[in-house]
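[1] Model the following, please.
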Amino acid sequence: MGITKLADLIRYEAPSAISHNDVGDYAGKVIAVDTSIMINQFRSATPSLSPLTGLFFRTLTFLEHDIKPVFVFDGKPPGEKLAALQKRAETAGWHSPNYTGTASLQTNNAFHLLKLLGVPVIQAPGDAEAFCAWMVRQGTAEAVASEDMDTLPFGAHVLLRQLNAKKDSDIVEYSLPKLLEVLQLNHAEFVDLCILLGCDYCDKIAGFGPKRALSLIQKHRTIENVVLHMNRETHLVPNNWKYKEARRVFLETSQSELPELTWTEPDEDALVGFLRRSTYVKESRVRHRMEKFREARESKRKTREKQKAAGQGRQTRMEEFFRVLRKREQSVVKGADCGRSKKKKTSK
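    Residues are numbered from 1 along each chain as shown. Next comes the predicted model:
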């Protein structure tokens with residue numbers, strides 16, 4: 001679930017914390033990838049195919065663009081998340097969620113595939129998004145790639161959504177420092193805001209929309225003060241509300257020591273054999289994609305060398321600039337339209 005309507009809140013209240021880029025903008029950067037989210041995307045988009053196929057093709061595209069991905073898998077979930085996991089399992093028709101964090105056969109296969117591709121793979125001690133955020137805070141990675149917005153309250157300075165590696169794709173980048181500056185909150189206050197919005201680690205107070213929750217935190221600064229000053233008849237506080245435990249999960253998550261990160265050449269022959277056995281992808285298709293990978297990487301290497309020799313860096317194209325500008329203007333216009341429509345209604 002992530003954080004309920006946080007993306008909408010940022011879009012309307014802090015649009016300057018959002019930028020729109022393409023995959024080439026992240027060349028040379030180490031990106032921590034929330035792998036379970038990516039695999040679930042592949043499973044939903046192409047249920048008839050193994051998600052390993054999508055993972056194979058996308059990873060090669062990252063590497064072609066000189067992105068250095070680090071794939072992080074979920075470990076044992078914190079106890080505060082078990083209720084949310086149970087609800088998801090019931091919705092999906094599963095018998096029970098994975099409470100232990102033991103790797104499934106699919107996860108083990110994904111581990112093996114990624115190692116054959118020559119990229120680092122990490123089993124997080126808990127939630128993958130929390131570990132990814134910790135890597136960014138430690139300076140080991142420069143951004144987190146995930147669709148879960150709770151990466152931000154975990155403290156990731158940069159969150160990338162829609163990092164699908166397609167040419168001319170619109171990757172949405174969120175800057176946590178810019179967001180806190182615009183909202184005039186510190187990180188602890190932002191975490192309390194996310195708990196009020198709704199997170200995976202505790203229930204929420206019913207009846208608080210995003211704008212109302214933001215205004216209350218901006219005024220009262222903590223959940224304790226919000227509860228002290230709100231109308232408890234119209235906004236019921238959940239019984240045994242574990243907001244303090246949720247706050248602790250976001251702010252005090254302990255992490256294990258990072259392994260050394262190394263990237264090596266993909267093992268083509270081993271990849272052919274593994275994908276044929278596990279996904280039934282034809283050898284010719286794998287070989288063809290590996291050939292394209294080598295050609296694309298060599299082409300980009302030569303282009304970078306020419307630019308370096310000419311004293312040039314990658315410059316943003318004018319059409320990219322106007323594309324980003326239009327998106328920001330549209331966000332502002334939508335917010336303004338909402339405001340005007342409300343005024344018209346009240347004037348009748």
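[2] can you give me the strands in the stretch 101-250 of the chain?
    In the stretch 101-250 of the chain, the segments counted as strands under DSSP state E, counting those that start in this stretch are 121-123, 143-145, 158-161, 171-175.
[3] What is the first one packed up against?
    Going back to what we said before, that points to strand 121-123. strand 68-73, helix 105-116 (3 or more CB pairs under 8 Å, 6 or more residues apart in numbering; DSSP states H and E). Just so you know, the C-beta spots here come from the backbone N, C-alpha and C atoms, and that holds for glycine as well.
[4] next one: the second one
    Counting by 3+ CB pairs under 8 Å, 6+ apart, the packing neighbours recorded for strand 143-145 are strand 30-34, helix 128-137, strand 158-161.
[5] Could you pull up the mean pLDDT of the shortest one?
    Strand 158-161 shows a mean pLDDT of 97.
[6] partners of it in the sheet?
    Strand pairing for strand 158-161, using DSSP bridges, gives strand 143-145 (parallel), strand 171-175 (antiparallel).
[7] Packed most tightly, which of the ones you listed would that be?
    Using mean count of other CB atoms under 10 Å, the stretch among the strands paired with strand 158-161 with the largest mean neighbour count is strand 143-145, at a mean of 29.
[8] Centre of the chain to that strand, how far?
    The chain centroid and the centroid of strand 143-145 are separated by 6 Å, computed with CA atoms, centre = their mean, to the nearest Å.
[9] Tally up the residues packed near R285, please.
    By other CB atoms under 10 Å, 14 other residues sit near R285.
[10] which of the residues in the helix or strand where it lies are buried?
    Assigned by DSSP states H and E, R285 belongs to helix 283-309. Neighbour counts over helix 283-309 (16 or more other CB atoms under 10 Å) mark 286, 289-290, 293, 304 as buried.
[11] Specify which member of those residues is nearest to T253.
    F293 (36.1 Å; CB to CB).
[12] I'd say that closest one and T59 touch.
    No: between F293 and T59 there is no contact under CB atoms under 8 Å: 9.9 Å.
[13] Dihedrals phi and psi, the residue nearest to D170 when sequence neighbours are not counted?
    The shortest distance from D170 to any residue other than its chain neighbours is 5.4 Å, reached at H20 (CB to CB, 6 or more residues apart in numbering). Backbone torsions of H20, given as degrees, to the nearest 10, read phi -120, psi 120.
[14] And H20, what's its pLDDT?
    94.
[15] coming back round to it: can you tell me which of the strands of the stretch 101-250 of the chain is nearest to Y280?
    Of all the strands of the stretch 101-250 of the chain, it is strand 121-123 that lies closest to Y280, at 23.3 Å by CB to CB.
[16] Show me what that closest one pairs with in its sheet, parallel or antiparallel.
    Note on strand 121-123: by DSSP bridges, its sheet partners are strand 68-73 (parallel).
[17] how about the residue most central in space within the chain, phi and psi?
    Nearest to the geometric centre of the chain sits S146, at 1.7 Å (CA atoms, centre = their mean). Backbone torsions of S146, given as degrees, to the nearest 10, read phi -160, psi 150.
[18] surely it meets F131?
    No: look at S146 against F131 with CB under 8 Å: they stay out of range, at 11.0 Å.
[19] Just list the residues touching D148, thanks.
    2, 34, 37, 129 (CB atoms under 8 Å, 6 or more residues apart in numbering).
[20] let's see 10 Å
    Residues counted as contacts of D148 (CB atoms under 10 Å, 6 or more residues apart in numbering) are 1-3, 34, 36-37, 127-129, 132, 154, 159, 161, 200.
[21] thinking again about what came up before, for the helix holding R285, packing partners?
    helix 51-64, helix 268-279 (3 or more CB pairs under 10 Å, 6 or more residues apart in numbering; DSSP states H and E).
[22] Just the buried residues of the last one, please?
    Right, the one you point to is helix 268-279. Result for helix 268-279 [16+ other CB under 10 Å]: buried residues 268, 271-272, 274-275, 278-279.
[23] Among the residues you listed, which one lies nearest to L183?
    Nearest to L183 among the buried residues of helix 268-279, counting by CB to CB, is T279 at 44.7 Å.
[24] on that earlier part again, would you convert the buried residues of helix 268-279 into TSV that also reports pLDDT?
    Below are the buried residues of helix 268-279 laid out as TSV (pLDDT from 0 to 100):
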residue	pLDDT
E268	96
L271	97
V272	96
F274	96
L275	95
S278	90
T279	88
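[25] any chance of those in TSV, plus distance to R297?
    As requested, these are exported to TSV (distance: CB to CB, whole Å):
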residue	distance to R297
E268	13
L271	16
V272	19
F274	21
L275	20
S278	25
T279	23
